[in-house]
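Participant: Provided below for reference: sequence and predicted model.
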Amino acid sequence: MNVPVQSERSGHLAGDGAASAENHQVVIIGSGISGIGAAIRLQQSGVRDFVMLERGQDVGGTWRDNRYPGAACDVPGLLYAYSFTRVPTWSASLPSAEEIFGYLRRCVADHGLEDHLHFGSEVTEARWSDEESRWHVVAGGRQYSSRFLIVATGLFSKPKVPDLPGLDSFAGATFHTTEWDLSYDVTGKKVALIGTGASAVQCVPHFAASAQSLDVYQRTPAWVLPRMERRIRPFEWALYQRRPRLRRLVRAVAFHVRESWALCFSGLLHRVVASGVAALARLHLRCRIADRNLRRRLTPSYRLGCKRVLLSNDYYPALRRGNVSLVTDSIARFTPDGVVTEDGVDRPADILVFGTGFTVDRPPIARCIAGRGGKRLSDVWNQGMTAHHNITVPGFPNMFMLLGPNTGTGHTSATLVLEAQLGYILDCLDQMRRHNLSDVDVLPQVQQKFSERLHSRMRRTVWLSGGCGSWYLDARTGRNTTLWPGSVRDYRSEVRSFRLAEYRVRGDGSGVSPASSDGAGHGAGAGRVR
């Protein structure tokens, strides 16, 4: 595919003839892993007229924000890195958050994306104009107009903090893990860590090593497996650079090993497979925790996989330290200098750290996007998030979601799903150019059929039958609107090609600008693995 476009720099926002708007072919909201990936693939395909709107002051998204002590990735770095960029030289098979953040910044520099980035540009309005077949976007006090809108904000943008009495009265420092202050030192402090999810479990060993005391407030224990990682020596990366086939082979092995983990969560054999993995988790717990009472409080009562499975070698040993307490009584209230639990015990604290995750079923960006007839995406999703192939939504023409509804995986890298979605979007743009189309809008009946099939498969997963409640489920409907009920291979099959028959189309020739010499040598082949 080779669809370079011409830049358009003047125009007016619909309904405001006096206000000047930047015109582009594509507006990308967000500059995390999905936004940067979209920008690179557009550029590699010849589409150069795009802008990336970022609310923060740097790129990286989740990996810019989540750099609390111990933050790291739980999937192999070879799978987490893009397949269409230079090989990153991770220091370990499971890279740290700091390394991933640095990698994303290098991707921006390597591909010359700096001029496309607008920082401090939080989107407050994105409105579709049927008359113009364009999106009109307001962000950071500026106005933009584009043919296509790519929503790359992901689902982890709104931190969740429990609404408990007295929080405003607490006199010490308060952080959510996604808002951690890198300059803050917990040495000698009394730390209260609320939650035992993925981020909290990574924090515990680091806090335990330096804090005067650490109280870990657990509502529900997690299944924890050994974190199987190893250091990667420089000679290995040099070998991968000289022998790309070897890197592809190692990556393929990692891919298939992780794909096999999907058997723990869905399919006919998931109960049998998950029971075997649960036995490994119990052995891991028994080997690390000798105290029977503590071990009992750390043993989940729900089936493995119902909540996120965690990977750690040092979480359990940290809980054995003399300055660490596991608190399983519910929090009743906060006081100016501590935490009171339902049993009446008042525990002093200098700092509250909330490892309580995110509100994923109501993404804030949905309130800002208005499609045909001015209908808000948040209203369309009032009964739960949904999108055709987890990418397009009826009534929102030329809009594409990246890593949005039902794109999470319980077993492998989100980047694999992202790359499949990007291929689908580029195929759409190519077909629009070839067929002289101005806009495409997925048919409601097509979306409904896809949604029914997806949730029919979801009924056979552990996420709905495992005996727990989790952030995977929509708070109002109980439906799983965050995870994909199958393997990455299944999803790739779903989005292998863009089918125009599934969309309402309009053809006036203004969908994608004609090819120009600017795109020479930057066709689809530029996206191959190197």
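Facilitator: Nice, thanks for sending it over. Numbers count the residues shown, from 1 in each chain.
Participant: need the contact list for the residue lying closest to Ala281 once chain neighbours are set aside.
Facilitator: Counting by C-beta to C-beta, 6 or more residues apart in numbering, Ala281 lies nearest to Trp223, which is 4.9 Å off, once chain neighbours are set aside. Any C-beta I mention is one placed from the backbone N, CA and C, and that applies to glycine too. Counting by C-beta atoms under 8 Å, 6 or more residues apart in numbering, Trp223 makes contact with 278, 281, 300, 304-305, 307, 309-310.
Participant: residues near Arg247, how many?
Facilitator: Using other C-beta atoms under 10 Å, Arg247 has 19 neighbouring residues.
Participant: do you know how far it is from Pro76?
Facilitator: Applying C-beta to C-beta, to the nearest Å, the value for Arg247 to Pro76 is 12 Å.
Participant: still on that earlier bit, inside helices: which ones of the contacts of Trp223?
Facilitator: 278, 281 (DSSP state H).
Participant: where's the residue nearest to Ala281 relative to Gly410, distance?
Facilitator: 11 Å.
Participant: relative to Cys264, how far out is the residue nearest to Ala281?
Facilitator: 10 Å.
Participant: over to Gly70?
Facilitator: From Gly70 to Cys264 the distance is 25 Å (C-beta to C-beta).
Participant: hang on, Arg295 packs against His284?
Facilitator: No: counting by C-beta atoms under 8 Å, Arg295 stays clear of His284, with 11.1 Å between them.
Participant: span of stretch 166-176 from start to end?
Facilitator: 17 Å (C-alpha to C-alpha, to the nearest Å).
Participant: what sits in contact with each of Trp223 and Cys264?
Facilitator: With C-beta under 8 Å, 6+ apart as the test, Trp223 and Cys264 both reach 304-305, 309.
Participant: same list (those) but as JSON lines, adding distance to Gly355.
Facilitator: Shown next, in JSON lines, are the shared contacts of Trp223 and Cys264 (distance: C-beta to C-beta, whole Å):
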{"residue": "Leu304", "distance to Gly355": "21"}
{"residue": "Gly305", "distance to Gly355": "20"}
{"residue": "Val309", "distance to Gly355": "16"}
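Participant: and which of these is nearest Pro95?
Facilitator: Nearest to Pro95, judged by C-beta to C-beta, of these is Val309 at 19.1 Å.
Participant: I'd say the closest one and Leu225 touch.
Facilitator: Yes: taking C-beta under 8 Å as the definition, Val309 is a contact partner of Leu225 at 6.1 Å.
Participant: I'd like the mean pLDDT over stretch 432-440, please.
Facilitator: Average pLDDT, stretch 432-440: 96.
Participant: to clarify, my last question referred to stretch 85-102.
Facilitator: 93.
Participant: same check on stretch 242-251?
Facilitator: 90.
Participant: list the buried ones in it?
Facilitator: 247, 251 (16 or more other C-beta atoms under 10 Å).
Participant: send the alpha carbons of that stretch over as PDB?
Facilitator: Listed in PDB are the C-alpha atoms of stretch 242-251, where the atom choice follows Å, rounded to 0.1, in the frame of the first residue of the first chain:
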ATOM      1  CA  ARG A 242      23.400  -9.800  12.700                       C
ATOM      2  CA  ARG A 243      21.000 -12.700  12.400                       C
ATOM      3  CA  PRO A 244      17.500 -11.400  12.000                       C
ATOM      4  CA  ARG A 245      16.200 -14.900  11.300                       C
ATOM      5  CA  LEU A 246      17.400 -16.000  14.700                       C
ATOM      6  CA  ARG A 247      15.500 -13.100  16.400                       C
ATOM      7  CA  ARG A 248      12.400 -14.000  14.500                       C
ATOM      8  CA  LEU A 249      12.800 -17.700  15.600                       C
ATOM      9  CA  VAL A 250      13.200 -16.800  19.300                       C
ATOM     10  CA  ARG A 251      10.200 -14.400  19.000                       C
END
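Participant: wait, Glu22 touches Ser145, no?
Facilitator: Yes: with contacts counted by C-beta under 8 Å, Glu22 reaches Ser145, the gap being 7.0 Å.
Participant: sweet, I'm off.
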